Each structure stands twice: as structure tokens, then as C-alpha cells.
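Asks: next comes the sequence, and after it the predicted model I'd like to discuss.
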Amino acid sequence: MTQEERIREYVDHAIDQYRDQCGREFQRHAEWERDHIINCGTSVLCTKWKVGYPGGSFVQAIVDNDLQGAFGRADSINQDCIKFYVMLVYNTPYIE
């Protein structure tokens, strides 16, 4: 399993934990939206740890702790998930 695959698996699991602990908003996302959240969360952690290619401008804003930039670049799904991504950045130890 590659580093990116391990991170993706972690993010998938973290979504369920976040939903159980912090809010019901994640329950309303369709399967394709969940995939989008997993992809963005994976990109956030990969960008933070410089694994693979850096993320786009939204992901970079999350990693840089640029709240205004993140909201300005977020699509409708990611606007609801910014708190989740920030929690990933600050609460996730390096995944090997």
C-alpha cells in the first residue's frame, strides 16, 4: 500500500469519526460527495506532508491556515467541510 493510499484510508475512517463526534452534516452527503471529501482530505494531508503532488489553491489555503482564502475557493461541498479539514491538519499525526 502506498503512502497516499494509507492517507486516503485514514481520511475515509476520519469522516465517520467526525460525523459521530461533531455533527450530523456529514450524514447528508451522497456517496459521490463523500468521495469528493475523501479526495480533498487526502490532498490536504498529502500537501501538508509533501507526499506526491501539492494540492490546488483551496487545499493550499487550508494547509496555510488561510480561512478567507479557503472559503473563497471552496465549492459548495467543501464549504461545509472546512472544519473537518482543519481538524485533519491539526490533529493527525504523520501516517507511515
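Replies: Alright, I've got the coordinates.

Asks: and Arg34, how many neighbours?
Replies: By other C-beta atoms under 10 Å, the residues close to Arg34 number 15. Just so you know, the C-beta spots here come from the backbone N, C-alpha and C atoms, and that holds for glycine as well.

Asks: contact partners for Tyr85?
Replies: Tyr85 makes contacts with 40-41, 44, 62, 70, 78, as judged by C-beta atoms under 8 Å, 6 or more residues apart in numbering.

Asks: over to Lys83?
Replies: Cys22.

Asks: in which helix or strand would I find it?
Replies: Per DSSP states H and E: Lys83 is located in helix 82-91.

Asks: what comes up buried for that helix?
Replies: Of the residues in helix 82-91, 82, 84-89 count as buried by neighbour count, 16 or more other C-beta atoms under 10 Å.

Asks: closest one to Thr2 out of the residues you listed, please.
Replies: Leu88 (18.7 Å; C-beta to C-beta).
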